[in-house]
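K.L.:
Next comes the sequence, and after it the predicted model I'd like to discuss.
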Amino acid sequence: MAEYFQRGESLDYKNATDTLIEAGTVVTIGSRIGVAGCDIAPGAVGSIHVEGVFAFAKGSGALTMGTEVAITNGTAAAASGNANGYVAADAAASDTTVLVKINA
């Protein structure tokens, strides 16, 4: 039997490093990603968003809505496996950012 705990759009995350995780930083969680919702000091617990649409830096080329993307070092590029989400709105080759629905 399962008991409801929380909605799950954001999760508590403990910063196990010696470095501050700044708000907006992409955090890898296994094969998924999250986006820090606040600064998280070393050893502290803070929130990371694991659902939603976020603006990321865009790699080269155009990306059309629905294209699966991988997020690497905060930059989204078309995925050839291990996608972290999909493009939420078309982005032209000249655009520097792209909207991505993460973990979908």
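P.N.:
Ah, there it is. Model, not experiment: these values are computed from the prediction.
K.L.:
Tell me which stretches of the protein form helices.
P.N.:
Using DSSP state H, no helices are found in the chain.
K.L.:
Next, count neighbours for Lys14.
P.N.:
11 (other C-beta atoms under 10 Å). Any C-beta I mention is one placed from the backbone N, CA and C, and that applies to glycine too.
K.L.:
For Lys14, list each beta-bridge partner.
P.N.:
Val45 (DSSP bridges).
K.L.:
So it versus Ala23, what's the distance?
P.N.:
Per C-beta to C-beta, to the nearest Å, Lys14 is found 16 Å from Ala23.
K.L.:
likewise Ala70?
P.N.:
For Ala70, the distance to Ala23 - C-beta to C-beta - is 22 Å.
K.L.:
neighbour count winner among these two?
P.N.:
Ala70 (18 against 13).
K.L.:
Any idea what the more buried one is bridged to?
P.N.:
Ala77.
K.L.:
quick one, what contacts it?
P.N.:
The contact partners of Ala70, taken as C-beta atoms under 8 Å, 6 or more residues apart in numbering, are Ala76, Ala77, Ala78, Ala79, Ser80, Gly81, Asn82, Ala83, Asn84.
K.L.:
Report the two of those residues separated the most.
P.N.:
Greatest spatial distance in the contacts of Ala70: Ala76 and Gly81, 14.8 Å, computed using C-beta to C-beta.
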